[in-house]
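In: Model the following, please.
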Amino acid sequence: MIKRVLHKIALIAERGFDRVFHRPTSGREIDPYIGYATQQHVIVRGRVLGSLRSYDVADGQSRWGNFRRMLDLFFTNEVADVTVCSDATKAQTDEEGYFTLVLPADEREGWSTEYVHVEGRAEAVPCPVFAPRADARFIVISDIDDTMIETGAYSLLRNLFTTFTGNTKTRHAYTDAISLTTWLSAGGRNPVFYVSSSPWNMHGFLQRVFANTGLIAGPMFLRDLGLSDTQFITEGHGDHKGASIDHILNAYPDLPAILLGDTGQHDAKIYHAAIERHGDRIAAVGLRAPGPGMDAVDLTDLDQLLATKRLAFAAPSFDGFQERLIKARPDLFATPDSTATVR
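Out: Have a look, this model is predicted:
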């Protein structure tokens, strides 16, 4: 009852804000998200906005300048109920401007581009798509904040400060995360997917950070923090992450998965639940223990992970995880390129 009332109040407030600050626009700009291909479909994703935000960073840009740029990412002017298409496949944007085009499967592998037209715009917009290779041995499913990129998500205030005062050139990726995912991907053979509670507004920003730091690119599954008639903003971190993991595993039913996360947001509990649902599909779990490290709850969650008899690695960094993986699952790494050592 309380949640329904808060939902209604928040929805009224958001629509009032939109009437005051969002002016009608004739713009039709596609913010492309990384799509992905399965044996059944090619999934093209994105959002239609009245205008796109810039990720360019001026030399010596101040924290105040970073804050204004980051805040701008969240004050978007969404374009609802317009048609987007790729060849003969069409879709309508929802009330938040999101769209998903489901194309027929083909024989593509690796990175490709789909050109998407949007109603009211003459030029097609390129949207990236990633398709796992036929020789993939496993999937990597990784968190982003405090797993790949230093954020401080274990503390709300630290998380907000880091997020809103940094830019695409100042955000720091862990060198051990870069080395580990580079080795796991094996030159693009094994796909890397990312699940995060960061909002979709951050997708382009995160792509720039990945490109600047050398992190392996891959499709992201982020959260919609917007309001709608049917959705409130209180979808839990665990619910979103668990559902995203399920979706990825169901999309590639023949491949086991290695899960990477951190203890700052209780990923051990989320990944333990994934093991209960998917059993042997989860080959191993690697967890970073950021900031103050693991508390009593984290240690209990880790004990439950260890009780599943899967490899469960937890440490302040991923150093040493590669060796543990090779020893625990030699079947996944019995190829010539897997003998290289992470440096």
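In: Quick one: the strands in the stretch 201-343 of the chain, in order.
Out: Ranges of strands in the stretch 201-343 of the chain, per DSSP state E, counting those that start in this stretch, are 220-223, 257-262, 282-288, 311-315.
In: any chance of these in CSV, with distance to residue 179 and mean neighbour count too?
Out: (C-beta placed from N, C-alpha, C; glycine too.) Below are those laid out as CSV (distance: least, C-beta to C-beta, whole Å; neighbours: other C-beta atoms under 10 Å):
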stretch, distance to residue 179, mean neighbour count
strand 220-223, 21, 20
strand 257-262, 13, 25
strand 282-288, 13, 25
strand 311-315, 14, 20
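In: Report the beta-bridge partners for the spatially most central residue of the chain.
Out: Geometric centre of the chain, nearest residue: residue 220, 3.1 Å, by C-alpha atoms, centre = their mean. Beta-bridge partners for residue 220, by DSSP bridges, are residue 194.
In: Wait, it touches residue 194, no?
Out: Yes - the criterion here is C-beta atoms under 8 Å, and residue 220 meets it with residue 194 at 4.5 Å.
In: Name the nearest residue to residue 246, sequence neighbours excluded.
Out: residue 277 (6.8 Å; C-beta to C-beta, 6 or more residues apart in numbering).
In: The one you found - how many residues pack around it?
Out: Counted with other C-beta atoms under 10 Å, the burial measure for residue 277 works out to 12 neighbours.
In: ok, now residue 156?
Out: For residue 156, the neighbour count with other C-beta under 10 Å is 9.
In: so how far is residue 197 from it?
Out: Per C-beta to C-beta, to the nearest Å, residue 156 is found 12 Å from residue 197.
In: I'd guessed residue 248 sits against residue 139; true?
Out: Yes - in this structure, residue 248 is within contact of residue 139 by C-beta under 8 Å, at 6.6 Å.
In: Please identify which of the two sits among more neighbours.
Out: For residue 248 and residue 139, the more surrounded residue by other C-beta under 10 Å is residue 139, and the numbers stand at 24 against 21.
In: what bridges to the more buried one?
Out: Assigned bridge partners for residue 139, using DSSP bridges, are residue 257.
In: dump the residue contacts of it.
Out: Counting by C-beta atoms under 8 Å, 6 or more residues apart in numbering, residue 139 makes contact with 132, 190, 191, 192, 193, 248, 249, 252, 255, 256, 257, 258.
In: swap in residue 290?
Out: Each residue near residue 290 by C-beta under 8 Å, 6+ apart is listed here: 146, 150, 152, 154, 262, 263, 264, 316.
In: With residue 312 instead?
Out: By C-beta under 8 Å, 6+ apart, the residues touching residue 312 are 268, 284, 285, 287, 302, 305, 306.
In: Skip the chain neighbours and tell me the closest residue to it.
Out: The shortest distance from residue 312 to any non-neighbouring residue, by C-beta to C-beta, 6+ apart, is to residue 305 (4.0 Å).
In: Now do residue 342, the pLDDT please.
Out: pLDDT recorded at residue 342 is 40.
In: Can you name the residues in contact with stretch 80-90?
Out: 28, 30, 44, 46, 48, 91-97, 99, 101-103, 114-120, 127.
In: Out of those residues, which end up buried?
Out: Restricting those to buried positions leaves 28, 30, 44, 46, 48, 91, 93-94, 96-97, 99, 101, 103, 114, 116-118, 127, with burial counted as 16 or more other C-beta atoms under 10 Å.
In: pLDDT below threshold where in the stretch 1-150 of the chain?
Out: For the stretch 1-150 of the chain, residues meeting the criterion pLDDT under 70 lie at 1-26, 58.
In: Neighbours of residue 187, how many?
Out: 9.
In: same check, this time on residue 52
Out: Using other C-beta under 10 Å, residue 52 has 13 neighbouring residues.
In: Now for it: which residues touch it?
Out: The contact partners of residue 52, by C-beta under 8 Å, 6+ apart, come to 29, 31.
In: How about the one 3 residues further on?
Out: Contact partners of residue 55, counting by C-beta under 8 Å, 6+ apart, are 69, 168, 204, 205, 208.
In: Now with 7 Å, please.
Out: Counting by C-beta atoms under 7 Å, 6 or more residues apart in numbering, residue 55 touches 168, 204, 205, 208.
In: swap in residue 49?
Out: 29, 31, 76, 77, 78, 79, 97.
In: Where does the nearest residue to the second one once chain neighbours are set aside sit: helix, strand or coil?
Out: Nearest residue to residue 31 in three dimensions, chain neighbours excluded: residue 47, at 4.5 Å (C-beta to C-beta, 6+ apart). Using DSSP: H, G, I helix; E, B strand; the rest coil as the criterion, the local structure at residue 47 reads strand.
In: Which members of the buried ones among the contacts of stretch 80-90 are positioned in strands?
Out: Using DSSP state E, the subset of the buried ones among the contacts of stretch 80-90 located in strands is 30, 44, 46, 48, 91, 99, 101, 103, 114, 116-118, 127.
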